[in-house]
Structures are given as structure tokens and as C-alpha cells.
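Asker: Just to be clear, the model below is a prediction. Sequence and coordinates:
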Amino acid sequence: MTPHVLVFLDPSQPDGRIEDASRPTLFATDLGVSRGDGVFETLLVLDGHVRKLPAHLSRLASSGRMMRLDLPEHEAWERAIVTALAEYQRTVGVLDEVVVRLVATRGVEGTHTPTCWVTAFPPAPSAKRQREHGIDVLLLDRGYDSDLADRAPWLLLGAKTLSYAVNMAALRFANDRGADDVIFTSSDGKVLEGPTSTVLVAHAETDDGGRVTSKRLVTPQLDSGILPGTSQGALFAAAEASGWELGYGPLEPDDLFNADAVWLISSVRLLTPVNHIDGKPIGADPALVKALTDELAGLFDRIA
């Protein structure tokens with residue numbers, strides 16, 4: 001059985017309340033269960049270190065504000081994470097690679113108290129396999145245009161909510177057709193994001209000897225209604241310090257097919273190369289794709 005640690009945030013227990021994750025612990029009337037009314041964040045722990053914790057807590061707070069959820073302070077989440085990881089280490093023995101998920105729902109219907117918890121569990125085996133060997137991706141229409149976020153803020157585009165049914169359906173659709181993942185596009189032809197990841201595109205110039213002379217890293221426009229990626233933001237900062245030129249869309253599908261390399265990046269799967277999109281190979285030079293991937297992965301590995 002996969003080890004799974006569960007810690008509830010509880011005002012009466014400042015360090016969190018450990019519960020048995022194998023037993024029922026939520027009310028059936030909790031609005032997170034009945035309506036997907038809540039927010040979450042997923043973090044990765046490597047060798048005992050929680051990566052990008054401030055960025056994740058900041059985005060959790062931002063999602064909560066968008067949903068008008070009164071969430072606990074950062075310190076309460078941090079204490080619960082420490083408790084969860086200590087219990088995980090006691091149970092499993094190591095903290096080499098652990099997924100930590102923070103969840104907050106609107107709580108039991110008729111109350112005004114959010115239900116908040118932290119879980120710790122091992123990553124899926126596919127995460128490491130995909131980042132090492134790459135993935136095949138389908139382009140799927142998200143069903144709205146790239147300006148919708150400004151016109152309809154009540155749709156919560158850009159918030160990390162629990163309402164992931166469409167995202168999971170897109171992944172199942174892709175898997176049924178032999179692909180590993182999805183890149184969403186808008187109805188006006190712009191590249192958006194993956195169901196659980198951010199899109200990165202690279203262009204490189206080389207000299208006659210094959211040495212890279214300039215590198216540009218591009219991601220879709222953040223104002224198109226996509227979730228601001230904590231991994232993308234951290235990698236952009238590291239890449240800029242290492243001499244990469246940066247850009248923010250707009251991107252169209254042709255930009256993906258004409259790129260020297262394309263990746264999906266997320267906190268758990270990390271930097272994952274895209275091998276094919278809609279069956280078409282990405283990157284004309286496999287050696288260049290590997291070199292760019294290795295360089296960015298090295299930068300990403302050093303991010304705190």
C-alpha cells in the first residue's frame with residue numbers, strides 16, 4: 001500500500017492533527033467534496049527540502065483571495081508540513097522524493113470554517129520516467145478565447161481550484177489516443193498550458209561549429225487565463241541569470257512545431273521534454289534538444 005500521511009490544520013493543535021489517511025475523515029457535506037469548492041497546491045520535497053515553498057504559499061493565498069476563502073496564515077501551513085514530513089519519515093524512513101499537497105475547501109455546507117489539510121506521499125513512477133524519456137502530447141481546444149479571463153473573472157481562470165474534472169478528462173482523452181499529456185489552446189488559436197503544467201519553448205542559434213551562441217526561452221502570456229507557474233517563474237529567474245533571453249508569448253501552435261525544444265514543467269514532474277505534438281516530432285536536432293534540456297534541468301535542480 002502506498003504510504004500516505006494526512007495532517008489537518010487545527011487551531012487547537014498548532015502543529016497540525018495527524019489522522020489515519022486510510023479511514024474516512026471528511027464530511028460528505030464538505031463543499032470541497034460536493035462542489036469542488038476549494039483550492040490546492042502540490043509541492044515536491046527532495047532530500048528533505050521543500051522546493052519553492054514561499055512561491056507555493058503565495059499562490060495558495062492568491063487563489064484563496066480569488067475565491068474569497070479565508071485561509072490560515074503561511075506559518076500554520078508550514079508547521080503542518082513539518083509535522084507531515086516528520087510522520088512520513090517515521091513511517092517510510094527517507095525523504096528523498098516526496099509529494100506534499102496542501103488543500104483548503106470552503107468547509108462543511110452551512111458553516112464558515114474552511115477545511116484544510118496537508119498530505120505527503122511518494123510521486124507516481126511515471127513522473128521520473130516521463131522527465132527522463134520525454135512525452136508525446138496532443139493539442140486540445142480549451143473552449144474559450146485568450147481574453148476571457150479579463151471579461152469573466154468569476155470563472156476563476158488563473159486560480160488553482162479543486163475543480164479539475166476537465167483537466168483529468170483531457171488527460172484521459174489523450175491517453176486513450178496513445179499520448180501522455182495535453183497542451184490546451186484557446187478558441188482564438190493561442191497556446192495556453194497543460195492540464196497540470198506550464199509550457200516552455202526554446203529557440204537557439206548556433207555557429208558553424210554547432211556551438212550555441214544565443215538562447216531564448218518563451219512561455220505563454222500570463223494574462224491569457226493560465227495558472228502562473230511557480231516552476232516556470234523560478235526557472236525563468238535562473239535562466240536569465242545564466243544568460244538566456246526570456247519572452248512571454250503570445251504563442252501559437254506553429255511556434256511549438258518550429259521550436260528547437262518544447263517542455264512541460266511542473267513542481268512534481270519537473271522539466272519534461274516534449275517529443276511529439278499531434279504525432280509530429282519536436283526539435284530537428286536531438287543533440288541540441290538534449291543539451292538545452294540538460295542545461296535547464298541543471299539550473300532547475302539548483303532552485304531552492
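Answerer: That came through, no problem.

Asker: list the contacts for the residue nearest in space to the middle of the chain?
Answerer: Nearest to the mean C-alpha position of the chain, counting by CA atoms, centre = their mean, stands residue 266 at 3.9 Å. Listed by CB atoms under 8 Å, 6 or more residues apart in numbering, the contact partners of residue 266 are 194, 196-198, 229, 231, 272. In short, each C-beta sits where N, CA and C put it, glycine included.

Asker: Check the secondary structure at residue 188 for me.
Answerer: Of the three states, residue 188 takes coil under DSSP: H, G, I helix; E, B strand; the rest coil.

Asker: How about the residue nearest to the centre of the chain, nearest residue that isn't a chain neighbour?
Answerer: residue 197 (4.1 Å; CB to CB, 6 or more residues apart in numbering).

Asker: what does the host helix or strand of residue 166 rub up against?
Answerer: Under the criterion of DSSP states H and E, residue 166 resides in helix 165-176. With contact meaning CB under 8 Å, 6+ apart, helix 165-176 is reached by 36, 137-138, 140, 180-182, 184, 195-196.

Asker: Kindly recompute the last result at 7 Å.
Answerer: Applying CB atoms under 7 Å, 6 or more residues apart in numbering, the set of residues contacting helix 165-176 from outside is 138, 140, 180-182, 195-196.

Asker: Tell me how far the helix or strand where residue 129 lies lies from the chain's centre.
Answerer: Element membership for residue 129 (DSSP H and E) is helix 125-133. Distance, stretch centre to chain centre, for helix 125-133: 15 Å (CA atoms, centre = their mean, to the nearest Å).

Asker: That one - contacts with which helices or strands?
Answerer: strand 270-277 (3 or more CB pairs under 7 Å, 6 or more residues apart in numbering; DSSP states H and E).

Asker: What is the neighbour count of the closest residue to residue 242 other than its chain neighbours?
Answerer: Leaving aside its sequence neighbours, residue 242 sits nearest to residue 299 (CB to CB, 6+ apart; 5.9 Å). Residues near residue 299, counting by other CB atoms under 10 Å, number 18.

Asker: Residue 299 contacts residue 238, correct?
Answerer: Yes - counting by CB atoms under 7 Å, residue 238 is a contact partner of residue 299 at 4.2 Å.

Asker: Enumerate the positions of stretch 212-226 that are buried.
Answerer: By neighbour count with 16 or more other CB atoms under 10 Å, stretch 212-226 contains the buried residues 215-222, 224-226.

Asker: Which pair of those spans the longest distance?
Answerer: 215 and 225 (27.9 Å; CB to CB).

Asker: Now do the domain split for the chain, please.
Answerer: 5-122, 127-301 (automatic domain parsing).

Asker: and the end-to-end length of the last one?
Answerer: The one in question is domain 127-301. 15 Å (CA to CA, to the nearest Å).

Asker: And the strands in the stretch 101-250 of the chain?
Answerer: 115-121, 135-141, 181-185, 198-206, 212-219, 245-248 (DSSP state E, counting those that start in this stretch).

Asker: Give me the residues contacting the shortest one.
Answerer: The one in question is strand 245-248. 214-219, 221-222, 236, 239-240.

Asker: switch to 10 Å and redo it
Answerer: 201, 203, 214-224, 235-237, 239-240 (CB atoms under 10 Å, 6 or more residues apart in numbering).

Asker: do stretch 146-157 as well
Answerer: 39, 63, 66-67, 142, 144-145, 158-159, 163, 185-192, 220-227, 249-250.

Asker: can we see that at 7 Å?
Answerer: Contacts of stretch 146-157 (CB under 7 Å, 6+ apart): 66-67, 158, 186, 188, 190, 223-225.

Asker: out of the strands of the stretch 101-250 of the chain, deepest packed?
Answerer: The highest average neighbour count among those, using mean count of other CB atoms under 10 Å, belongs to strand 181-185 at a mean of 24.

Asker: Can you give me every residue that contacts residue 65?
Answerer: Counted by CB under 7 Å, 6+ apart, residue 65 has zero contacts.

Asker: just checking, it is part of a helix?
Answerer: Yes - counting by three-state DSSP, residue 65 is found in a helix.

Asker: that older thread, how far does the helix holding residue 166 sit from the chain's center?
Answerer: How far helix 165-176 lies from its chain's middle: 16 Å, per CA atoms, centre = their mean.
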